[in-house]
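**Student:** structure here, sequence nowhere to be found:
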């Protein structure tokens, strides 16, 4: 259950929305009415943005925190449970197979839910900012940040600035 892993940053792949829909449908079948909401988030959800080729799904269960039965249901789909994985208030799952998927389970309409969707929507609404973030991601990876933890650290300041800009944008 090691969180760190080798990563790559690639140009936008138009198959990413379809992969999200496949994964989301599988989660909906497995968890049924216990899902409050599912959203595609992260860089693969932003058209034309470079990203790690990993589909990020934000999942909010109806009941928070997630119950053990739902965690077992995700594990039965091949997801590896990684606990909070460094983010308080999140339960993190990953699956690596025909395509890679991460599932972030958070409280529906809680701070992590709102912040992640706010950043996605900000980047979608501001293509030039998304393009600049794409360049920063590629530079971090090209500069030697080839593992998840190193990559996250290399772009941490950029992420902090983006979240602050997204908050200002969201506030109107």
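**Tutor:** Cool, the structure landed. On a predicted model such as this, the values are computed, not experimentally measured, just so you know. Numbering: from 1, shown residues only.
**Student:** name the nearest residue to the residue most central in space within the chain, ignoring sequence neighbours.
**Tutor:** Taking Cα atoms, centre = their mean, the centroid of the chain lies closest to residue 56, which sits 3.4 Å from it. In this structure, residue 56 finds its nearest non-sequential neighbour in residue 42, 3.2 Å apart by Cβ to Cβ, 6 or more residues apart in numbering. Every C-beta, even on glycine, is put in place using the N, C-alpha and C of the backbone.
**Student:** next, that neighbour: phi, psi?
**Tutor:** Backbone torsions for residue 42, taken as degrees, to the nearest 10, come to phi 80, psi -180.
**Student:** against residue 12, how distant is the closest residue to residue 46 other than its chain neighbours?
**Tutor:** The shortest distance from residue 46 to any non-neighbouring residue, by Cβ to Cβ, 6+ apart, is to residue 123 (4.6 Å). According to Cβ to Cβ, to the nearest Å, residue 123 and residue 12 sit 12 Å apart.
**Student:** circling back to that earlier point, packing partners for the helix or strand hosting the residue nearest to the centre of the chain?
**Tutor:** Residue 56 is located in strand 54-61, with elements delineated by DSSP states H and E. Under the contact definition 3 or more Cβ pairs under 8 Å, 6 or more residues apart in numbering; DSSP states H and E, strand 54-61 sits against helix 16-31, strand 35-41, strand 100-105, helix 111-125.
**Student:** quick one: it to helix 111-125, angle?
**Tutor:** 140 degrees (axes from the mean of the first three to the mean of the last three Cα atoms, to 10 degrees).
**Student:** list the strands paired with strand 54-61, with their directions.
**Tutor:** strand 35-41 (antiparallel), strand 100-105 (parallel) (DSSP bridges).
**Student:** what comes into contact with the last one?
**Tutor:** Contacts made with strand 100-105 from outside it, assessed by Cβ atoms under 8 Å, 6 or more residues apart in numbering, are listed as 19, 23, 27, 41-42, 52-61, 66, 74, 79, 87, 90-95, 112, 116.
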